[in-house]
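Undergrad: Could you look at this predicted model? Sequence included:
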Amino acid sequence: MMIHDVTAIAGGHRKRKRVGRGEGSGHGKQSGRGHKGAGSRSGYAAKRGHEGGQMPYFRRLPKFGFTNAPFKTHFWAVNLLDIVSHPNFAKGGEVNTAALIGAGLIRDDSRDLKILGNLGKEKGLKVKLKVEASRVTGPARKHIEDAGGTVNETGTRRDKVRGIDRNSDDPKPTKLTKKLKRGGKKPAAPASQAAE
């Protein structure tokens, strides 16, 4: 018999650690639980993946895979109250990205422009505005048009891809953006084939 024959099975069957069987056993007194604290009590259970407060392993790993986050549309949102309160628009005029950058109400043209309809304590809009923005909310459009102004919603990049005209009465997508589901309802057969 060679040494490698012995070590192949050595340690394959270890006896169970018998704790709390007296000082002489080597596992008496605290029975491997140490002194005081949560771990020494009955009923203690560590949360799965808890590493004592340090950054857990699953959070240290780099994340990968697909996410829609980079495709989120970001807006510069401006209230009608802020526009009307500014001296540049006190008598009305054109409201677009360039005009709002000049007035200091938005920073730059890196995002789409969205006009919100908050007028604060004002009852309504008292000046005519010619608004051109990617998005204009319903209340903002109503305030502007009631005051005799005009609204031109150019839409975002996503709107253009989907074929949405935000100035029309029916702003539904005209371009198919999702694949048809397989196994769905089949289109009805023409009347000539049905008769046969």
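TA: Cool, got the structure. Quick caveat, the model's predicted, so the values are computed rather than measured.
Undergrad: where in the protein is pLDDT low?
TA: Along the chain, the model assigns pLDDT under 70 to residues 1, 8-9, 177-196.
Undergrad: Now with 80, please.
TA: Applying pLDDT under 80 to the chain flags the ranges 1-13, 176-196.
Undergrad: From K63, how far off is the most centrally placed residue in it?
TA: Taking Cα atoms, centre = their mean, the centroid of the chain lies closest to A69, which sits 5.9 Å from it. Using Cβ to Cβ, to the nearest Å, one obtains 11 Å as the distance from A69 to K63. (Glycine included, C-beta is placed from N, CA and C.)
Undergrad: go on, F89?
TA: Relative to K63, F89 is positioned 45 Å away (Cβ to Cβ).
Undergrad: cool, H4 as well?
TA: Distance of H4 to K63, computed by Cβ to Cβ: 45 Å.
Undergrad: same check, this time on V131
TA: 41 Å.
Undergrad: the more surrounded of the two?
TA: Neighbours per residue (other Cβ atoms under 10 Å) separate V131 from K63, with V131 holding more: 22 against 7.
Undergrad: who does the helix or strand harbouring that one pair up with?
TA: Using DSSP states H and E, the element containing V131 is strand 129-133. Sheet pairing for strand 129-133, assigned by DSSP bridges, gives strand 93-95 (parallel), strand 150-153 (parallel).
Undergrad: Name the residues of that strand that are buried.
TA: By neighbour count on 16 or more other Cβ atoms under 10 Å, the buried set for strand 129-133 is L129, V131, E132, A133.
Undergrad: For the last one, which residues are in contact?
TA: Under the criterion of Cβ atoms under 8 Å, 6 or more residues apart in numbering, the neighbours of A133 are V95, N96, T97, D112, L113, K114, I115, N152, E153, T154.
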